[in-house]
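Asker: have a look; sequence and predicted model below, questions after that.
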Amino acid sequence: MRKKEYLTVNEIYATMPGAKPLTEDPGKDLTLYVQKRHFSFPEDGSQKEFEEIRKEYLENVIHKNDVLISYYPHVHAWGSDRTEFVEAYLVESLADIDKMLDKNTELLKAHWPDEEARKAAGKKARNYFTGVHSDFIYTYVSGLSK
């Protein structure tokens, strides 16, 4: 008789500071765009620098983006890959994903009007990620929310 093998997956995520929470039931279905990326802390980087970069981006882009209904960042707390960083963006429709990304670009340019400064800030931020990512799109079904 063959022994049964089971795969157990215990992936636990912790919410990070900086969420833009959904404050009330929108009363309609919405679109949830989820992006999973992976951290890569550079040798010359620091947790303090990463948090400063992230805070500046959140305050000047994510929290000012009026197309974005809500935003939830998560870090992989326990499980197989502690480098995972998951961001969930709630928008009204599939077409609003593109609008949200366009608005992010507009807000980036407004906060960093000097192109060289903007490129330098982007390069510094990218040092904290591997460049590997995956995208997922879901439907938030309003009637199923508690």
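Answerer: Alright, I've got the coordinates.

Asker: where does residue 143 land on pLDDT?
Answerer: Predicted confidence (pLDDT) at residue 143: the value is 81.

Asker: again, but for residue 7
Answerer: 51.

Asker: quick thing: my sequence starts at 52, can you match it?
Answerer: In the new count, where the first residue is 52, that last one comes out as residue 58.

Asker: tell me the contacts of residue 67?
Answerer: 124-126 (C-beta atoms under 8 Å, 6 or more residues apart in numbering). For glycine as for every other residue, the C-beta is placed from the backbone atoms N, C-alpha and C.

Asker: same for the longest helix along the chain, what does it pack against?
Answerer: In the chain, taking DSSP state H as the definition, the longest helix is helix 146-162. Packing contacts for helix 146-162, counted by 3 or more C-beta pairs under 8 Å, 6 or more residues apart in numbering; DSSP states H and E, involve strand 81-90, helix 98-111, strand 135-142.

Asker: between the ones you listed, which one is nearest to residue 171?
Answerer: Closest approach to residue 171 among the helices and strands packed on helix 146-162 (C-beta to C-beta): helix 98-111, 11.3 Å.

Asker: burial count for residue 101?
Answerer: 17 (other C-beta atoms under 10 Å).

Asker: can you count the residues close to residue 116?
Answerer: 21.

Asker: what's near enough to touch it?
Answerer: Counted by C-beta under 8 Å, 6+ apart, residue 116 has contacts 151, 154-155, 158.
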